[in-house]
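Chemist: fold the following, please.
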Amino acid sequence: QLQLVESGGGLVQPGGSPRLSCAASGRPLEHYTIGWFRQAPGKGREGREGISCITTDDVRGYYADSVKGRFAIVRDNAKNTIYLQMNNLKPDDTAVYFCNAAATGQPYYWGRGTQVTVSS
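Modeler: Numbering: from 1, shown residues only. Sure thing, here's the model as predicted:
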């Protein structure tokens with residue numbers, strides 16, 4: 001059973017650059033496509049594909065228009081962790097951030113999320 005735990009959230013000033021982590025246990029993350037999703041207060045989850053994802057071969061990375069050019073997803077198989085480097089944060093980036101793991105023939109796995117609040 002794969003388990004995911006997000007961390008790295010908190011109160012961030014506009015323009016800040018925190019890094020979120022999605023640490024896995026139970027199975028190697030290298031076999032999964034990993035996505036980052038977020039849900040802002042009072043809103044549904046943003047986008048069907050989330051805000052960013054990375055495939056098992058790391059060749060194709062996806063970024064939603066709302067974060068393109070500011071966020072970067074990085075896979076570290078040695079640490080069994082996926083990172084989301086966030087730069088130049090805006091108040092609209094305030095949300096609970098979740099990571100998701102997907103592989104053919106398996107159910108989706110989700111972490112419990114980490115809150116990011118962008119405010120001065």
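Chemist: name every strand pairing with the helix or strand bottoming out on mean pLDDT in the chain and say which way it goes.
Modeler: Counting by mean pLDDT, DSSP states H and E, the chain has its least confident helix or strand at strand 61-63, which shows a mean of 87. Strand 61-63 has the following strand partners under DSSP bridges: strand 52-54 (antiparallel).
Chemist: contact partners of the least confident helix or strand of the chain?
Modeler: For strand 61-63, the external contacting residues (C-beta atoms under 8 Å, 6 or more residues apart in numbering) are 49, 51-55, 69, 71, 73. Yep, even glycine has a C-beta here, placed from its N, CA and C like the rest.
Chemist: now these: which count as buried?
Modeler: Among the contacts of strand 61-63, the ones that count as buried by 16 or more other C-beta atoms under 10 Å are 51-54, 71, 73.
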